[in-house]
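>>> mind folding the following:
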Amino acid sequence: MNIRSLSRGDGVVIGAAVLLLIASFLNLNSYGDANAWQALHLLMSIYLAGVIAAALVVTARALPQPRKVAGLELGQFGVALSLFAAWTAFWAIIDSPGAGIGLILGLIAALALAGAAVATPLVPALKVALVGADRPTPVTGPYGGAPSPQGYGYPAGAQQQGGYGYPGGQSYGGQQAPAGDAGATVGHAAGAAAGGAAGATPAAGTPADFAPFWFAVPVARPLYGEDGSPSPIAELAPGTWYLAVDQRGAALIAQTQDGRRGILQDTTGIQRG
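Take a look at the predicted model:
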């Protein structure tokens, strides 16, 4: 799982799950030394239920496409389970004649877990990426030329990748192009990315002078198919550089590392390379 795809809300969920696990080893009552591992009903319904809920919520965000079980997504199962754990912890501490640190800490962690799981999709501050995207390291071109991007993710020390409007003596994909044909290779790739052969009329809403560029997203965002399907075909994760090959109004046609192309509808806050 790419840690850069995690949001601040996911960080709160993970922290609350760790706190729940710690609380399960602490005293449930102020007058004894029994912990949750000696009370199976509390262990399964509060502590382990909360940890499993956190795992479902975080895993659902890491998947490129939502997985459904019995008509519900994994994330929805996780949210429901976190609410159940918080509800059970609340009544367990109400019913206890002398709540110990294990019950008190368990209730606090369960409430934090449920709150973060519910609020993360709704509160913009919690949707911000936990780890921001790094800017690519510039690499000086030959003879003091302009820096050239190093391909998907900009790995340091990789051979220069040309194509799609970037300088260099290689075509897209890493195959060497003749020095005299470098300009033709760039022009051909840019023309293909624009959506047609030479002489084709640009699509409505597409700028005629659009130039492909690299970009990164501030938070995880879905990539939809070019056929207009409502289901996303991939998820763009923060910290990874993607190639914008075309534009449709305010949306971008983006290409992933594995060659899939789709429409990025939400382009607010993207970082251009």
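>>> and the end-to-end length of stretch 95-102?
Terminal residues of stretch 95-102 lie 14 Å apart, using C-alpha to C-alpha, to the nearest Å.
>>> whoops, I mixed them up, stretch 215-223
End-to-end distance for stretch 215-223, by C-alpha to C-alpha: 14 Å.
>>> list the buried ones in that stretch?
Neighbour-count burial for stretch 215-223 flags 215-217, 219-223 (criterion: 16 or more other C-beta atoms under 10 Å). In this view, the C-beta of every residue, glycine as well, is placed from N, C-alpha and C.
>>> just those residues: which are in helices?
Judged by DSSP state H, the buried residues of stretch 215-223 include no members of helices.
>>> which one of the residues you listed is nearest G115?
Among the buried residues of stretch 215-223, V219 lies closest to G115 (C-beta to C-beta), at 19.4 Å.
>>> and the lengthiest helix in the chain, what does it pack onto?
Longest helix in the chain by number of residues, with DSSP H as the criterion: helix 74-95. Here helix 74-95 touches helix 48-62, helix 101-119, going by 3 or more C-beta pairs under 8 Å, 6 or more residues apart in numbering; DSSP states H and E.
>>> and the last one, what does it pack onto?
Read that as helix 101-119. Judged by 3+ C-beta pairs under 8 Å, 6+ apart, helix 101-119 is in contact with helix 8-23, helix 48-62, helix 74-95.
>>> would TSV of the ones you listed with mean neighbour count, mean pLDDT and distance to L111 be doable?
Below are those laid out as TSV (neighbours: other C-beta atoms under 10 Å; pLDDT from 0 to 100; distance: least, C-beta to C-beta, whole Å):
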stretch	mean neighbour count	mean pLDDT	distance to L111
helix 8-23	21	92	8
helix 48-62	21	90	10
helix 74-95	19	92	5
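>>> out of the ones you listed, nearest to L40?
Across those, L40 has its closest neighbour in helix 48-62 (9.9 Å, C-beta to C-beta).
>>> identify the residues contacting the helix or strand that comes right after that closest one?
Once helix 48-62 ends, the next helix or strand along the chain (criterion: DSSP states H and E) is strand 68-69. The contact list for strand 68-69 (C-beta atoms under 8 Å, 6 or more residues apart in numbering) reads 74, 77.
>>> what about the closest residue to G11 other than its chain neighbours, distance to G115?
Spatial nearest neighbour of G11, chain neighbours left out: L130 (4.9 Å); criterion: C-beta to C-beta, 6 or more residues apart in numbering. For L130, the distance to G115 equals 17 Å [C-beta to C-beta, to the nearest Å].
>>> and what of V51?
Here V51 is placed at a distance of 16 Å from G115 (C-beta to C-beta).
>>> turn the helices and strands packed on helix 74-95 into TSV, columns for distance to L26.
TSV is the format used below for these (distance: least, C-beta to C-beta, whole Å):
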stretch	distance to L26
helix 48-62	15
helix 101-119	4
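>>> of all these, which one comes closest to G262?
Judged by C-beta to C-beta, the one of the helices and strands packed on helix 74-95 that comes nearest to G262 is helix 48-62, at 18.6 Å.
>>> now do that closest one and helix 74-95, the angle between them.
Counting by axes from the mean of the first three to the mean of the last three C-alpha atoms, to 10 degrees, helix 48-62 lies at 160 degrees to helix 74-95.
>>> next, P97: secondary structure please.
Look at P97: counting by DSSP: H, G, I helix; E, B strand; the rest coil, its state is coil.
>>> list the contacts of it.
Contacts of P97 by C-beta under 8 Å, 6+ apart are N29.
>>> in this structure, which strand is the longest?
Longest strand in the chain by number of residues (criterion: DSSP state E): strand 242-248.
>>> buried sites along that one?
Across strand 242-248, burial judged by 16+ other C-beta under 10 Å covers 242-248.
>>> could you list every helix and strand in contact with that strand?
Counting by 3+ C-beta pairs under 8 Å, 6+ apart, strand 242-248 packs on strand 213-216, strand 251-255, strand 261-264.
>>> adding distance to D10, write those strands out as a markdown table.
A markdown table is the format used below for these (distance: least, C-beta to C-beta, whole Å):
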| stretch | distance to D10 |
| --- | --- |
| strand 213-216 | 18 |
| strand 251-255 | 23 |
| strand 261-264 | 21 |
